[in-house]
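Participant: no sequence for this one, just the structure:
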Ligand SMILES: O=c1ccn([C@H]2C[C@H](O)[C@@H](COP(=O)(O)OP(=O)(O)OP(=O)(O)O)O2)c(=O)[nH]1
Ligand SMILES: [Mg+2]
């Protein structure tokens with residue numbers, strides 16, 4: 001699927017690292033490095049603007065390497081990029097480690113997955129069908 005993109009950063013376009021990759025890594029577009037204190041959160045610009053076709057979304061997800069090595073993750077994971085959003089894609093990071101962490105220009109800070117969206121049309125009613133689970137949830141299964 002072709003997707004129009006503007007890249008205002010000096011970074012390369014997001015790209016699939018391998019033929020089977022689900023996501024394309026997003027890189028930080030920074031004029032100077034950013035230091036994240038423990039538990040600090042920040043929106044990091046990417047310099048990327050996209051024009052998704054109607055019926056699609058982009059999800060901004062954390063990278064497992066960053067999570068494991070630096071304790072940094074996306075706070076609002078998965079971040080939702082709406083098909084009609086025309087602003088800059090930003091990545092909301094939080095430092096969950098106990099030490100400060102540095103983000104530099106060009107660092108791969110998240111990955112973006114494009115997905116199809118199914119829009120629901122509500123049929124408002126007063127009853128919905130019964131199931132074996134019913135209203136059980138939140139650890140309900142396996143209890144006697
Ligand atoms: O990680 C993210 C999440 C969102 N966005 C942009 C694209 C998205 O289309 C828009 C709105 O995101 P969302 O719906 O999650 O935020 P909201 O708090 O509901 O804001 P709004 O009222 O603008 O929808 O912000 C990002 O750039 N990065
Ligand atoms: Mg919203």
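Facilitator: Good, I have the coordinates. Remember, it's a predicted structure, so these values are computed and weren't measured experimentally. Ligands and ions are numbered 1, 2, ... in the order given.
Participant: now do stretch 6-22: distance from first to last residue.
Facilitator: 21 Å (CA to CA, to the nearest Å).
Participant: what mean pLDDT would you report for stretch 12-20?
Facilitator: For stretch 12-20, mean pLDDT rounds to 97.
Participant: buried residues, it. List them.
Facilitator: residue 14 (16 or more other CB atoms under 10 Å). For every residue, glycine as well, the C-beta is placed using N, CA and C.
Participant: distance between that stretch and the chain's centre?
Facilitator: 16 Å (CA atoms, centre = their mean, to the nearest Å).
Participant: now do stretch 126-143
Facilitator: Counting by CA atoms, centre = their mean, stretch 126-143 comes out at 30 Å from the chain centroid.
Participant: equivalent analysis for stretch 72-87, please.
Facilitator: 5 Å.
Participant: what separation is there between residue 35 and ligand 1?
Facilitator: From residue 35 over to ligand 1 the distance is 21 Å, taken as CB to the nearest ligand atom, to the nearest Å.
Participant: surely that residue touches residue 101?
Facilitator: Yes - between residue 35 and residue 101 there is a contact under CB atoms under 8 Å: 7.4 Å.
Participant: neighbour count winner among those two?
Facilitator: For the pair residue 35 and residue 101, the greater number of neighbours falls to residue 101 (19 against 11), based on other CB atoms under 10 Å.
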